[in-house]
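Engineer: Here you go, sequence then predicted model.
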2 protein chains.
Amino acid sequence: MNNKWQTYPLISAQLNNVNRCIQDQITCNNHDLQAALLTMANNGGKYLRPAILLTIGQICGAKRDNDQLVKLAASIEILHMATLIHDDIIDDSPKRRGTVSIQARFGKDTAVYAGDLLFTIFFDLLLDAVPGSEYLKVNAQIMRQILNGELGQMNQRFNTHQGLEDYLEDVSGKTAALFQLAAREGAHFAGAPAQDVTTATKFGHYLGIAFQMLDDILDYTGGQQLNKPVMEDLATGVYSLPLLLALQEEKVAKELRPLLAKRYQITAKDMQQVQQIVISAGAVDQSRQLAGQYTQRALDCLAALPDNPSRRFLEKMTKKLLKRTI
Amino acid sequence: MNNKWQTYPLISAQLNNVNRCIQDQITCNNHDLQAALLTMANNGGKYLRPAILLTIGQICGAKRDNDQLVKLAASIEILHMATLIHDDIIDDSPKRRGTVSIQARFGKDTAVYAGDLLFTIFFDLLLDAVPGSEYLKVNAQIMRQILNGELGQMNQRFNTHQGLEDYLEDVSGKTAALFQLAAREGAHFAGAPAQDVTTATKFGHYLGIAFQMLDDILDYTGGQQLNKPVMEDLATGVYSLPLLLALQEEKVAKELRPLLAKRYQITAKDMQQVQQIVISAGAVDQSRQLAGQYTQRALDCLAALPDNPSRRFLEKMTKKLLKRTI
């Protein structure tokens, strides 16, 4: 694991167990593909969602040797991996987690089935971890929300008139749903009272939205020094937060629309121009402010959960996410 | 439903309920896509797997108003649809069920998510139908088997040395697993004794293999009059049963190998030549014989189940499948 959390003694051992659980689960009769999936599971991931689940679990009183939480954390990371593999097909991404993406290495064909396989492994693991629990249904609903978010975003491609509401709805699905699930399951299966489960769920929701907003901001400010392709979304017609905010101002929108109208024909130079206009209009700063508000809401939720070292750790990480540069 | 079963009073009403259940389940916020998925669910399908599930259920004593069986039948058809949508991405298929395929109409991008969405709907419906049942786990395993079959087949592409065993293993996964599940669930949830459930499961397995063999045969004999593209599999490097059997004879294999060595560069004329060689070598007749053996095994299983009108109906349908021309 390429993992910042690794250094935090509170959860590092548990995260190792999550990693081991994922490794045990990933089996398939195409050995090259199996190796690539294992590489993906081992090397690049931040294990952010498992870390949230486990830490919220600890906040709510779970023991560190709680095996059920480890399995649930693994199931969420596997679901996340499945969506990443399918997203890379859509986005034609050559890279993922610092290495070549499954679709680039094996072709889109294998990548479709590889993602499907991870969906079934997710399902399988979940049935192992929480058989007969109402949370099976919760997971199915979250999966549906993620896909509706993805499809919703796809529907909005190249739409210069989409509002902040559409954006928030799609982001709530495609990104925040999984954060929300992680926090919710962490609290519930640690035995937290219903009110704390609700608070944890909200925490995950707000954190997930802030996380996506930061991702969108980095698309505008990441720069090549960070080894992240700038304006990746724009090239495929997905308008991220800074651009959407810039489009709200009619004067700025007038400058942007002719460039955006080129759609898939947009050039690298055009994209640089879009970037300049968006930054000059103050839309990146505005996005940062909005992300800060959502981070604050997440922190407010955390403050309502039991006070202990795990909570203080998660507060620190939540603030750090707002300042992340990758 | 474009449905031969429709005319059989024993199950027509139940199949209508399956169709209604599928319609209720398919909801997504991309309205064009929702419409296309509904069209796919309503127009083209033979509803073969639901029909097997319901008929086996009846053989084993289920009442015709058994709502659980209807939901399970719907879940299997939805899972089947999901795999079809993803298969069409892999095969670049322009058509599906007599109409334009999801990938051809909406692009591969949307088709990836559309299939995923159906996977989640399958999962969701299953949790509704049989919450807390060991059959959730069975379904997860079947899903894994299907994908391992697909990945296995992909692994064997262009391999002129694959044996009948490899073929049977892949087909057991990619096709027979779902037939097997349908028959097994029909028996189990009708309250059949364990031995009958095992027999029904075997019936589904053999029928599924015979079904796939027929599909492979039709790839060689379908002809344009049937509106089915001949040699569809060959163009993507998937070697179907007649070709595999022809390759077993060294003399025939020598004729075939130079043509097959062209891989994706194979021309329409080359494919016609392959077709001729395979047919002349008697490999299509040989395939028919093998399919007949599997059909007979399926019939033998049926004969061990309770004797009643539903069983006689399924015997008739099983024999008909061997003679199908589409």
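Structural biologist: Looks like it arrived, so ask away.
Engineer: does any part of stretch A:146-163 sit near chain B?
Structural biologist: Yes. Interface with chain B: stretch A:146-163 contributes A:Leu147, A:Asn148, A:Glu150, A:Leu151, A:Gly152, A:Met154, A:Asn155 (Cβ under 8 Å from any Cβ of the partner chain). C-beta coordinates here come from the backbone N, C-alpha and C atoms, glycine included.
Engineer: what number of residues lie near the second one?
Structural biologist: Spelled out, it's A:Asn148. 24 (other Cβ atoms under 10 Å in any protein chain shown).
Engineer: Tell me, what's the model's pLDDT at it?
Structural biologist: Per-residue pLDDT puts A:Asn148 at 89.
Engineer: just to revisit the earlier point, out of the residues of stretch A:146-163 next to chain B, which is most surrounded?
Structural biologist: Neighbour max across the residues of stretch A:146-163 next to chain B (other Cβ under 10 Å) = A:Leu147, 27 neighbours.
Engineer: From B:Ser287, how far off is that residue?
Structural biologist: Separation of A:Leu147 from B:Ser287 (Cβ to Cβ, to the nearest Å): 39 Å.
Engineer: which ones are touching the residue of the stretch 201-326 of chain A found nearest chain B?
Structural biologist: Of all residues in the stretch 201-326 of chain A, the one sitting closest to chain B is A:Thr236 (9.0 Å; Cβ to the nearest Cβ). By Cβ atoms under 8 Å, 6 or more residues apart in numbering or on different chains, the contact set of A:Thr236 is A:Ile90, A:Asp91, A:Asp92, A:Arg157.
Engineer: Any figure for the gap between it and A:Met81?
Structural biologist: Distance from A:Thr236 to A:Met81, by Cβ to Cβ: 21 Å.
Engineer: One more: A:Ser12?
Structural biologist: 21 Å.
Engineer: out of these two, which sits in the more crowded spot?
Structural biologist: With neighbours defined as other Cβ under 10 Å, A:Ser12 and A:Met81 compare such that A:Met81 has more, 25 against 14.
Engineer: Find the nearest non-adjacent residue to that one, please.
Structural biologist: A:Leu118 (5.4 Å; Cβ to Cβ, 6 or more residues apart in numbering or on different chains).
Engineer: I'd assumed A:Gln34 was in contact with that neighbour.
Structural biologist: No. In this structure, A:Leu118 is not within contact of A:Gln34 by Cβ atoms under 8 Å, at 11.6 Å.
Engineer: Need the overlap of contacts for those two.
Structural biologist: A:Ile26.
Engineer: Where do the domain boundaries of chain A fall?
Structural biologist: The record's domain parsing of chain A by automatic domain parsing lists A:1-131, A:134-326.
Engineer: Mean neighbour count, these: which tops it?
Structural biologist: domain A:1-131 (a mean of 21; mean count of other Cβ atoms under 10 Å in any protein chain shown).
Engineer: how distant is it from the center of its chain?
Structural biologist: 12 Å (Cα atoms, centre = their mean, to the nearest Å).
Engineer: What residues does the stretch 1-150 of chain A have near chain B?
Structural biologist: Near chain B, when you scan the stretch 1-150 of chain A using Cβ under 8 Å from any Cβ, you find A:28-30, A:33, A:86, A:89-90, A:108-110, A:112-117, A:119-121, A:123-124, A:127, A:131-132, A:136-137, A:140-141, A:143-144, A:147-148, A:150.
Engineer: Return the subset of the residues you listed lying in helices.
Structural biologist: A:33, A:86, A:89-90, A:108-110, A:112-117, A:119-121, A:123-124, A:127, A:136-137, A:140-141, A:143-144, A:147-148, A:150 (DSSP state H).
Engineer: Check A:Ser101 and give its pLDDT.
Structural biologist: Looking at A:Ser101, the pLDDT reads 84.
Engineer: mind listing what the closest residue to it other than its chain neighbours touches?
Structural biologist: With Cβ to Cβ, 6+ apart as the criterion, A:Ser101 has its nearest non-adjacent residue at 4.4 Å, and that residue is A:Asp88. Shown in contact with A:Asp88 (Cβ under 8 Å, 6+ apart): A:Arg96, A:Ser101, A:Ile102, A:Gln103, A:Ala104, A:Ala111.
Engineer: Next secondary structure element downstream of the helix or strand hosting A:Thr39?
Structural biologist: A:Thr39 belongs to helix A:31-39 when assigned by DSSP states H and E. The helix or strand immediately downstream of helix A:31-39 is helix A:48-59, counting by DSSP H and E.
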